[in-house]
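1. Got a predicted structure here, sequence first:
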Amino acid sequence: MKKIAYFLAMGTIAFAACTEQAKEQPTTVHLKGQLIDMGSTEVTMKYDGAASMLGDSRDIHLITDAEGRFDTIVTITEPTYYSISRNTLYLTPGDDMTVKITPNNKEAEFQGKGAIANNYMKYRLFPKGGSFLEAGRNLRKDFASTKALVDSLAQVRQQQLDALDSVSSEFKELETMRIKADVLNSYISYAGYSGMMYKAKTREEAKAMYDEFRSQLTPYVQPIFSQLNQDKYLDVAVVRDVLGYIAGESDTEWGKGITLSAKTQELYDAEKYVDILRKEINTQIADSVRQYIATMKHAEFATEVEAKLKQASRLLPGQLAFDIEMKDVNGKVCHLSDLKGKVLYVDLWATWCGPCCAESPHFESLSKEYQGKDIVFVPISTDTNKKAWLDYIKMHKKELTQYNTVDPNIRSQWGVLYIPRFLVIGKDFKIINAYAPVPSDKANIKALLDAALAQN
């Protein structure tokens, strides 16, 4: 009996110890260091998991001093991907890192607990650049030779990952899937970066060439699609990108025999609704999205769509416009609300945005047609590199007063994810159209501006 009592007592102690240990599992990450050339003392560390396709409610705002230095505690309960500018971070509860981060991800420096995984992440590829194609720099004479290079680069990357010490098996599994997805993305992107279809003489011929290329890719890409088709890999951005090729298209050649999970399918279905909200909002759209939310099964996705609908609804016609802090070319601080009392046609643009620069002459030209009327044309650059903006303004002579902003309201309140973006605001500083026509669409924008002038 004494032995039994002894073992029961020891078991109780062991259980208590395990319970206490479970309670002590870390739930925070300590980050400190410097964020350089971020254009603001409030820098967004964007959540980069699956739900980030739908919204930004999980983003974290880092407050820095004038030199970009910060020290913060982030609460997380599981390993999570985030991004700061072009830098992708992998944060695990208990990490304690000193960082130095610039817009150039390869310049990042990480020290402390968690640094090994994040120094590896410095060299992650960019899906919009064709992953291993690196915006076309790694193209070879034909697809076969390009594929051979992509495969060899992927092998080197995998070897680097396999050689990492002191990282979790979960991290290695996720990053292995990132490599596979980057390979798949590189294969698919070859058609666009190589310009193969530009050789066609007609649109029909170009389509036939692309269809043939897609067919040739099938034996290479379909096995990778099958490997990536697991819910746990959705937190890897490029996995989400490439699965989008077969979402809703399981009867096509690439997706034949592949059934996406209910969670994955809901993610891509929800993205369609969110995409609409990012481009337009009216009462009919709001009602349609609201009805869809009521059918959603996954709370993490429904929460983001609901937040996006709430944000978009604040941009309905008749809502009070959000103010924007901005500076003129002389550095004088002013606000969009300073122009209240006139109709405002606002151009949100940046020097690095080709379509923005293409619309600029139309914006200037249209402003001349409205000279003497109760309307102000307001070009606002969203460049974080103010020197680049000022240099551009000097090179391209502008007659309109030019402004620059890094106000987070541009994204958080106006929901600006893409530029160029044009706004029309009434004399009472209420929204008339938060997704106004571009100035090159002259007939539609003139009709809107004339109506705005007439009703005010």
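-> Yep, that arrived. Numbering: from 1, shown residues only.

2. Figure out the length between the terminal residues of stretch 336-356.
-> Distance across stretch 336-356, first residue to last, is 20 Å (Cα to Cα, to the nearest Å).

3. mind checking how far it is from the chain centre?
-> Here stretch 336-356 is found 22 Å from its chain centre; the criterion is Cα atoms, centre = their mean, to the nearest Å.

4. Please apply the same query to stretch 256-269.
-> For stretch 256-269, the distance between its averaged C-alpha position and the chain's averaged C-alpha position is 21 Å (Cα atoms, centre = their mean).

5. Convert it to PDB, retaining C-alpha atoms only.
-> The C-alpha coordinates for stretch 256-269 follow below in PDB (Å, rounded to 0.1, in the frame of the first residue of the first chain):
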ATOM      1  CA  LYS A 256      -8.400  17.500 -62.500                       C
ATOM      2  CA  GLY A 257      -8.800  15.000 -59.600                       C
ATOM      3  CA  ILE A 258      -7.900  17.600 -57.000                       C
ATOM      4  CA  THR A 259     -10.600  18.600 -54.500                       C
ATOM      5  CA  LEU A 260      -9.800  21.600 -52.400                       C
ATOM      6  CA  SER A 261     -10.900  21.400 -48.700                       C
ATOM      7  CA  ALA A 262     -14.000  23.200 -47.500                       C
ATOM      8  CA  LYS A 263     -11.800  25.700 -45.700                       C
ATOM      9  CA  THR A 264      -9.600  26.400 -48.700                       C
ATOM     10  CA  GLN A 265     -12.600  26.800 -51.000                       C
ATOM     11  CA  GLU A 266     -14.200  29.200 -48.600                       C
ATOM     12  CA  LEU A 267     -11.100  31.300 -48.500                       C
ATOM     13  CA  TYR A 268     -11.100  31.800 -52.300                       C
ATOM     14  CA  ASP A 269     -14.800  32.300 -52.400                       C
END
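
6. ok now do the nearest residue in space to Leu217 that is not next to it in sequence, which residues does it touch?
-> If the residues on either side of it in the chain are set aside, Leu217 comes closest to Tyr187, at 5.7 Å by Cβ to Cβ, 6 or more residues apart in numbering. Using the backbone N, CA and C atoms, a C-beta is placed for each residue, glycine as well. By Cβ atoms under 8 Å, 6 or more residues apart in numbering, the contact list for Tyr187 reads 147, 150, 217, 220-221.

7. go again using 10 Å as the cut-off
-> Under the criterion of Cβ atoms under 10 Å, 6 or more residues apart in numbering, the neighbours of Tyr187 are 130-133, 143, 146-147, 150-151, 213, 216-217, 220-221, 224, 242.

8. ditto for Ala451
-> When contacts are counted by Cβ under 10 Å, 6+ apart, Ala451 is found next to 343, 424, 432-433.

9. re the thing from before, any buried residues in the helix or strand the residue nearest to Leu217 falls within, and which?
-> Per DSSP states H and E, Tyr187 falls inside helix 169-194. Burial within helix 169-194, assessed by neighbour count using 16 or more other Cβ atoms under 10 Å, is assigned to 171-172, 174-191, 193-194.

10. buried ones in the following helix or strand past that helix?
-> Proceeding N to C from helix 169-194, the next assigned helix or strand is helix 203-228, under DSSP H and E. Residues of helix 203-228 classed as buried under the neighbour-count rule (16+ other Cβ under 10 Å) are 209, 213-214, 217, 221-222, 224-225, 228.

11. any chance of those residues in JSON lines, plus distance to Phe377 and pLDDT?
-> Formatted as JSON lines, the entries for those read as follows, by distance: Cβ to Cβ, whole Å; pLDDT from 0 to 100:
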{"residue": "Met209", "distance to Phe377": "44", "pLDDT": "90"}
{"residue": "Phe213", "distance to Phe377": "45", "pLDDT": "93"}
{"residue": "Arg214", "distance to Phe377": "45", "pLDDT": "91"}
{"residue": "Leu217", "distance to Phe377": "47", "pLDDT": "95"}
{"residue": "Val221", "distance to Phe377": "48", "pLDDT": "96"}
{"residue": "Gln222", "distance to Phe377": "52", "pLDDT": "94"}
{"residue": "Ile224", "distance to Phe377": "49", "pLDDT": "97"}
{"residue": "Phe225", "distance to Phe377": "48", "pLDDT": "96"}
{"residue": "Leu228", "distance to Phe377": "47", "pLDDT": "97"}
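
12. I'd like to know which of these is nearest to Thr27.
-> For the buried residues of helix 203-228, the residue nearest Thr27 by Cβ to Cβ is Leu228; the value is 29.9 Å.

13. The closest one contacts Trp254, doesn't it?
-> No. Contact status for Leu228 versus Trp254: not in contact, 11.8 Å apart, counting by Cβ atoms under 10 Å.

14. what do these two both touch?
-> Once Cβ under 10 Å, 6+ apart is applied, the residues that Leu228 and Trp254 both contact turn out to be 184, 242, 246.

15. Would you mind giving those residues as JSON lines with pLDDT and distance to Ala302 added?
-> Formatted as JSON lines, the shared contacts of Leu228 and Trp254 follow (pLDDT from 0 to 100; distance: Cβ to Cβ, whole Å):
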{"residue": "Leu184", "pLDDT": "98", "distance to Ala302": "29"}
{"residue": "Val242", "pLDDT": "96", "distance to Ala302": "25"}
{"residue": "Ile246", "pLDDT": "91", "distance to Ala302": "23"}
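
16. how about the helices in the stretch 351-456 of the chain?
-> 354-369, 386-395, 409-412, 442-455 (DSSP state H, counting those that start in this stretch).

17. mind checking how far the longest one is from the chain centre?
-> Using Cα atoms, centre = their mean, the mean C-alpha position of helix 354-369 is found 27 Å from that of the whole chain.

18. List the contacts of that helix.
-> Counting by Cβ under 10 Å, 6+ apart, the neighbours of helix 354-369 from elsewhere in the structure are 345, 347-351, 353, 375-379, 381-382, 392, 396-400, 418-422, 438-442, 445-446, 449.

19. Just the buried ones from the residues you listed, in PyMOL syntax?
-> The command below creates a PyMOL selection of those among the contacts of helix 354-369 that count as buried (16+ other Cβ under 10 Å):
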select buried, resi 345+347+348+349+350+351+353+375+376+377+378+379+381+382+392+419+420+421+422+438+439+445+449
